[in-house]
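Undergrad: using only what follows, build the 3D model:
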Amino acid sequence: MANAYDDPGRTIDDLAPEEVDIEAIDAFHLGGTRYAASFELSDEDSEVVRSFLLMVDFGATLTYSVRMRIDKSILSHASLSPDHHVVLQLGRHVHDLTPGGDSVTTLQDGVLRRLWHLDAGHQYVYGDRSTAYAREGGAWERIEGYGNAVFRCIHGPRADMIHACGNRGVLARLEGRRWVPVDLPVQRNFHAIEVMPDGAIHVCGARGAAYAIVDDELTELQSQPWDYMGVLSFKGRRYWTDANYGISVQKGNVVEPLRELGQAFYMHASDEKLVISGWKEVFIFDGENWEGFEMGYDGNIFLRRLDMADYGG
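TA: Residues are numbered from 1 along each chain as shown. Now for the predicted structure:
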């Protein structure tokens, strides 16, 4: 049987709705009832793909507009402001979507997986074999490699405190355009990192990996045997997402289950909202109350409001 590689003209439109898988990628709170959310539609083999970046108004009624649509994979996106978005497309293509016009930059080499932004003046893309690029107010610049490290996450509260974590216990600090290793006595596969202004670091990963590094001392936190995918502080509490249960909250040195969302992955926070990408859902938390929306497909995409009673309510 021919597949997408044999027939380059095959698109999502050629599939029946029940053949289409939906994945939420990233979502950001833009202020008020406005959000930016990226999604991918694909067949079960991810050979036929269509990706969207949507501008969502999650008010009394749920409406959206399409900011970007491509028949390629969006790996990650970041909303630098309500009208400036950066999108990492499979193949090292970085799209800048601005009110003054859209542009795309193709980076030189490497396998890139994710995009992270500190602010409008500092963005980073990263992936396999320690490939990483930084853009700090100008053009994208290659960061010197760090062996065969697979970077899974980059984070820092300031440009001089950027750290990366990855597989096999990789932890490194960015100094200029090179990585300086931070030695750890563990070889766990890390998925996410949070660096606080006081220098405290928290990392999480596969099979219950959850650690705090404070004053150069590594402490293993009590956790569940889940694959933790994200760690982020919001309104004075630190939250941990995972692919098995949903979301947990840290209390002392214990990561306690909080709400059974099902699957929860990447988190992004504004001052008012913690926004979490699930399987095909976007979950929104204000510190007390939960709400959210999901994408559906019936030949056309649509959004619908979640009944949070179905998600641990």
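Undergrad: ok, and what's touching stretch 124-132?
TA: If you take Cβ atoms under 8 Å, 6 or more residues apart in numbering as the criterion, stretch 124-132 is touched by 76, 88, 94, 107, 109-118, 133-135, 140, 142-143, 145-151, 154, 162, 164, 179. The C-beta positions use only the backbone N, C-alpha and C, and glycine is treated the same way.
Undergrad: I misspoke; the intended subject was stretch 201-218.
TA: The contact list for stretch 201-218 (Cβ under 8 Å, 6+ apart) reads 152, 163, 165, 171, 182, 184-186, 188-196, 199-200, 219-221, 223-231, 238, 240, 250, 253, 255.
Undergrad: again, only this time at 7 Å
TA: Contacts of stretch 201-218 from elsewhere in the structure, counted by Cβ atoms under 7 Å, 6 or more residues apart in numbering, are 163, 165, 171, 184-185, 188-195, 200, 219-221, 223-228, 231, 238, 240, 255.
Undergrad: now swap in stretch 84-98 and tell me
TA: With Cβ under 7 Å, 6+ apart as the test, stretch 84-98 has contacts from 36, 53, 67-68, 70, 72-80, 102-107, 110, 112, 115, 117, 120, 123, 125.
Undergrad: measure it end to end?
TA: Stretch 84-98 has an end-to-end distance of 5 Å (Cα to Cα, to the nearest Å).
Undergrad: just the buried residues of that stretch, please?
TA: By neighbour count with 16 or more other Cβ atoms under 10 Å, stretch 84-98 contains the buried residues 85-90, 92-97.
Undergrad: model confidence over that stretch, on average?
TA: For stretch 84-98, mean pLDDT is 97.
Undergrad: one more: stretch 60-70?
TA: 98.
Undergrad: next one: stretch 129-137
TA: Per-residue pLDDT over stretch 129-137 has a mean of 92.
Undergrad: any buried residues in it, and which?
TA: Buried, per 16+ other Cβ under 10 Å, within stretch 129-137: 130-135.
Undergrad: what does stretch 194-203 give?
TA: For stretch 194-203, burial by neighbour count (16+ other Cβ under 10 Å) applies to 194-195, 201-203.
Undergrad: quote the end-to-end distance of it.
TA: Using Cα to Cα, the two ends of stretch 194-203 sit 7 Å apart.
Undergrad: give me the pLDDT value at the residue nearest the centre of the chain.
TA: Closest residue to the average C-alpha location of the chain: residue 266 at 4.0 Å, with Cα atoms, centre = their mean. Here the pLDDT value assigned to residue 266 is 98.
Undergrad: one more: residue 313?
TA: As predicted, residue 313 sits at a pLDDT of 82.
Undergrad: spatially nearest residue to it, not counting backbone neighbours?
TA: Using Cβ to Cβ, 6 or more residues apart in numbering and skipping the chain neighbours, the partner closest in space to residue 313 is residue 290 (7.1 Å).
Undergrad: how about that neighbour, what does it touch?
TA: Contact analysis of residue 290 by Cβ under 7 Å, 6+ apart lists 259, 283, 308.
Undergrad: rerun that using 8 Å as the cut-off
TA: Residues in contact with residue 290, defined by Cβ under 8 Å, 6+ apart, are 259, 283-284, 308, 311, 313.
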